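1. attaching a predicted model along with its sequence, questions to come.
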Amino acid sequence: MHSDNNVITGNTISPPTIPGRGLGIVIYDSDRTLVTGNHLEGLRLGLLITESDGTMVYYNDIDAENGAISSSPPETSWVSPVTTYEYEGDIV
């Protein structure tokens, strides 16, 4: 099904039983979708975007084994709050 101009906001998604399994938000063939203010945790993949031009991903809390993947770059815009990353035990 094709649907454009959607807003996905305010969701909390976590796996029902076994952490590290399951998908959070999947956007397929849905141009100009806004994904904002969602909390995704304990999933294998938090966010998957494909064939969805103009998708905007802002201020989501994604704690998943494989965070977020988009096969629609550069059409996907990503903005997150100030984030720190840990690499080999050091905050970078």
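-> Cool, the structure landed. Numbers count the residues shown, from 1 in each chain.
2. what are the ranges of the strands in this protein?
-> 7-9, 12-13, 23-28, 34-36, 39-41, 45-50, 56-58, 61-63, 68-70, 77-79, 86-87, 90-91 (DSSP state E).
3. and the most centrally placed residue in the chain, what are its bridge partners?
-> For the chain, L47 is the residue whose C-alpha lies nearest the centre (C-alpha atoms, centre = their mean; 3.1 Å). In this entry, L47 is beta-bridged to I25, A68, by DSSP bridges.
4. so who does it touch?
-> Residues in contact with L47 (C-beta atoms under 8 Å, 6 or more residues apart in numbering) are 24-27, 35, 40, 57, 60, 62, 64, 67-69. Every residue, glycine included, has its C-beta placed from N, CA and C.
5. I'd like the residues you listed as JSON lines, with pLDDT and distance to V7 appended.
-> JSON lines is the format used below for those (pLDDT from 0 to 100; distance: C-beta to C-beta, whole Å):
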{"residue": "G24", "pLDDT": "90", "distance to V7": "16"}
{"residue": "I25", "pLDDT": "92", "distance to V7": "12"}
{"residue": "V26", "pLDDT": "92", "distance to V7": "16"}
{"residue": "I27", "pLDDT": "91", "distance to V7": "11"}
{"residue": "V35", "pLDDT": "93", "distance to V7": "8"}
{"residue": "L40", "pLDDT": "89", "distance to V7": "16"}
{"residue": "V57", "pLDDT": "89", "distance to V7": "12"}
{"residue": "N60", "pLDDT": "88", "distance to V7": "13"}
{"residue": "I62", "pLDDT": "86", "distance to V7": "17"}
{"residue": "A64", "pLDDT": "83", "distance to V7": "21"}
{"residue": "G67", "pLDDT": "80", "distance to V7": "21"}
{"residue": "A68", "pLDDT": "81", "distance to V7": "17"}
{"residue": "I69", "pLDDT": "78", "distance to V7": "21"}
